[in-house]
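1. after the sequence you'll find the predicted model.
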Amino acid sequence: MTAELTVEFAGEHFVVDPSSTFTVGRDGDLAIDDNLFLHRHFLTIENLEGLWLLSNVGSRLSATVTDSGGRVQAWLAPGARLPLVFASTSVIFSAGPTTYELTIRSSAPAFRETEPRDFDDDASTIGEVPLTLSQKLMILALAEPVLRREGTGMSELPTSAQAAARLGWALTKFNRKLDNVCDKLDRIGVPGLRGGVGSYATNRRVRLVEHAISARLVSRADLPLLDQEHDAAEG
């Protein structure tokens, strides 16, 4: 028997019919937004011989796919597809300055997650790369709209100037931290943080937020740090 699959976005729930292809994009079964940066048809979900598959049918945009615990993360590039094997899968992607998140839930997942052992470790790390407090604050300032959002949906990300002002920092300081974090993550293989000119500045900010949210580098519990830093900078 085929597992029931549901897609959640912005408080709405869609049951996916295993006999047809479910489409996500500007148009489709889940019409996300009229954002012209978003493909008309971006993602599809279909059932092939009992296995649910998520495919990127767009030509430019990519998505970050992660399990509910943030322990498994994949980069879904145009033309790629992944099996949906977890009870809950988060899909995060950006089109222009807007970041979107949806959740896909399976009633009978092929893979059952187990709780990891707890280790006492006060350091925030990304792979082998430690995050300093100032680097974490920089990420928080960019990710704040996503973290404050209830559930899935869409969020407009701040510009570097807006994020710097949120922290009470000079823009040069903020950009230096952004450069350092993107360089560190690029060195450990996180894709999408280096590129050419033009839209690169926007692209790396949104890609950094996608990775930070899906890898649980920052959380809503960290948000009070923003006001603390702003007050300290103003004082």
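-> Thanks, I have the structure now.

2. gap between the residue nearest to residue 88 when sequence neighbours are not counted and residue 106?
-> Excluding its sequence neighbours, the residue lying closest to residue 88 (C-beta to C-beta, 6 or more residues apart in numbering) is residue 68, at 3.9 Å. Just so you know, the C-beta spots here come from the backbone N, C-alpha and C atoms, and that holds for glycine as well. According to C-beta to C-beta, to the nearest Å, residue 68 and residue 106 sit 11 Å apart.

3. okay, and the common contacts of the two?
-> Common neighbours of residue 68 and residue 106, using C-beta atoms under 8 Å, 6 or more residues apart in numbering, are 86, 87, 88, 89.

4. neighbour-wise, which of those leads?
-> Among the shared contacts of residue 68 and residue 106, residue 89 has the most neighbours (other C-beta atoms under 10 Å), with 24 neighbours.

5. beta partners for that residue?
-> Beta bridges link residue 89 to residue 67, residue 104, judged by DSSP bridges.

6. if we can go back for a sec, so which of residue 68 and residue 106 has more stuff around it?
-> Remark: of residue 68 and residue 106, residue 106 carries more neighbours, 19 against 14, as counted by other C-beta under 10 Å.

7. now the more buried one. Its backbone dihedrals?
-> The phi and psi torsions at residue 106 (degrees, to the nearest 10) take the values phi -110, psi 140.

8. next up, the contacts around it.
-> Contact partners of residue 106, counting by C-beta under 8 Å, 6+ apart, are 3, 4, 5, 52, 84, 85, 86, 87, 88, 89.

9. among those, which ones are in strands?
-> The members of the contacts of residue 106 that map onto strands under DSSP state E are 5, 52, 88, 89.

10. I'd like the distance between residue 89 and residue 176.
-> Going from residue 89 to residue 176 by C-beta to C-beta gives 35 Å.

11. tell me where the model's unsure across the chain.
-> For the chain, residues meeting the criterion pLDDT under 70 lie at 1, 70, 111-129, 150, 195-202, 235.

12. make it 80
-> Flagging of the chain using pLDDT under 80 yields the residue ranges 1-3, 68-72, 110-130, 150-154, 194-203, 234-235.

13. three-state assignment of the most centrally placed residue in it?
-> Centroid-nearest residue in the chain, with C-alpha atoms, centre = their mean: residue 210, separated by 2.9 Å. At residue 210, secondary structure determined by DSSP: H, G, I helix; E, B strand; the rest coil is helix.
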